[in-house]
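# sequence first, predicted model second:
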Amino acid sequence: MLNYTTYIHKTATEWVTFVHGAGGSSSIWYKQIRSFGSQFNVLVLDLRGHGNSKPALKDAFNSKYTFDSITNDILEVINHLKIEKSHFVGISLGTILIRNLAEKHSNRVKSMIMGGAIMKLNFRSQVLMKLGVIFKSVVPYMLLYKFFAFVIMPKKNHKKSRLLFVNEAKKLYQKEFVRWFKLTSEINPLLRFFRAKDIKIPTLYVMGEQDHLFLPSIKSIVSKHIESKLFVVKNCGHVVNVEQPDLFNTETIKFIKAIT
């Protein structure tokens, strides 16, 4: 089972579950724990191969790495904790996993908060993925990861987010990186399906105005999906919860409270 930590509120009944992105870990939510923990029960977890979700046996996660199998890892944790329904907060690739969980088990998802959401790969993103496929087994994964991080978060004010993810990614190893990178083979049809289907679960997209790779597609989705809203954070890049944590916390908690 994945490594996880819970923060139990004395009186609250609502749960909020945080899902990080590829190369990150539950530690990226350190600026959210206190604010959310003061009002909700909180669950943070490390995806397989990330953070402290490294099995004692190197290949303990020996099932094929697919979006469904990794989503099921999350489901296993909330089942273990007997959480019937939760609000979910994700960043980057974590938003794909949350959307997939909502598709497979909509009765377990009360709302979705999608930070730096990935719902379409534009031309530059596609080129990035193809370069990764070509070089993933021959180039040290940290060189690739640093390159990807710089393309996604290029500006000076993105440096803190960039370094945080790079430092967390150092805890991976080459084989694990390659396993995760193979997910790119199924990402386009999955995202196409998500864009086409309005799942009708309250959803807040929180996007940096400088998130040049992913913001345009989110604007298009919000214009078509009835239950979706968009909050754009000024002077901010991809990792909104790290770059602008106070604003991120205020807007997302307000969104959850409006539902409960």
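Arrived safely, thanks for sending. Since the model is a prediction, treat every value here as computed from it, not as a measurement.
# so what's Asn107 up against?
Residues in contact with Asn107 (CB atoms under 8 Å, 6 or more residues apart in numbering) are Lys85. Yep, even glycine has a C-beta here, placed from its N, CA and C like the rest.
# what about it, distance to Lys64?
Separation of Asn107 from Lys64 (CB to CB, to the nearest Å) stands at 26 Å.
# same question for Leu121.
From Leu121 to Lys64 the distance is 22 Å (CB to CB).
# same thing with Met153?
Taken as CB to CB, the span from Met153 to Lys64 is 30 Å.
# ditto for Arg192
Taking CB to CB as the measure, Arg192 falls 21 Å from Lys64.
# in the chain, what helix or strand scores lowest on average pLDDT?
In the chain, no helix or strand scores lower on mean pLDDT, DSSP states H and E than helix 123-135, which sits at a mean of 75.
# contacts for it?
Residues outside helix 123-135 that contact it (CB under 8 Å, 6+ apart): 121, 144, 148, 151, 181, 184, 187, 213-214.
# how does it look with 6 Å?
For helix 123-135, contacts defined as CB atoms under 6 Å, 6 or more residues apart in numbering pick out 151, 181, 184, 213.
# repeat for stretch 220-237
Contacts of stretch 220-237 (CB under 6 Å, 6+ apart): 119, 153, 158, 195, 198, 200, 202-211, 240, 243-244, 247, 251.
# can you list the buried residues in it?
221-222, 225, 228, 230-233, 236-237 (16 or more other CB atoms under 10 Å).
# try stretch 151-165
Buried positions in stretch 151-165, judged by neighbour count with 16+ other CB under 10 Å: 152-153, 158, 161-162, 164-165.
# one more: stretch 94-114?
Residues of stretch 94-114 classed as buried: 94-103, 105, 108-114 (neighbour count, 16+ other CB under 10 Å).
# how about the contacts made by the residue positioned nearest the centre of the chain?
Centroid-nearest residue in the chain, with CA atoms, centre = their mean: Gly94, separated by 1.9 Å. With contact set as CB under 6 Å, 6+ apart, Gly94 has these partners: 19-21.
# can you tell me the element it falls in?
Using DSSP states H and E, the element containing Gly94 is helix 93-104.
# can I get that helix as PDB, trimmed to CA atoms?
Output of helix 93-104 as PDB, limited to C-alpha atoms (Å, rounded to 0.1, in the frame of the first residue of the first chain):
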ATOM      1  CA  LEU A  93      -0.300  14.800 -13.300                       C
ATOM      2  CA  GLY A  94      -2.100  14.200 -10.000                       C
ATOM      3  CA  THR A  95      -5.100  16.000 -11.700                       C
ATOM      4  CA  ILE A  96      -5.300  13.200 -14.300                       C
ATOM      5  CA  LEU A  97      -5.400  10.600 -11.600                       C
ATOM      6  CA  ILE A  98      -8.200  12.400  -9.700                       C
ATOM      7  CA  ARG A  99     -10.200  12.800 -12.900                       C
ATOM      8  CA  ASN A 100      -9.700   9.100 -13.600                       C
ATOM      9  CA  LEU A 101     -10.800   8.200 -10.100                       C
ATOM     10  CA  ALA A 102     -13.900  10.300 -10.600                       C
ATOM     11  CA  GLU A 103     -14.600   8.500 -13.800                       C
ATOM     12  CA  LYS A 104     -14.300   5.000 -12.300                       C
END
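# show the low-confidence segments of the stretch 1-150 of the chain, by residue range.
Where the stretch 1-150 of the chain drops to pLDDT under 70, the residues are 55-63.
# tell me where it has helices.
33-37, 67-80, 93-104, 123-135, 141-152 (DSSP state H, counting those that start in this stretch).
# other residues contacting the shortest one?
Read it as helix 33-37. Outside helix 33-37, the residues within contact range by CB under 6 Å, 6+ apart are 7, 16, 42, 249.
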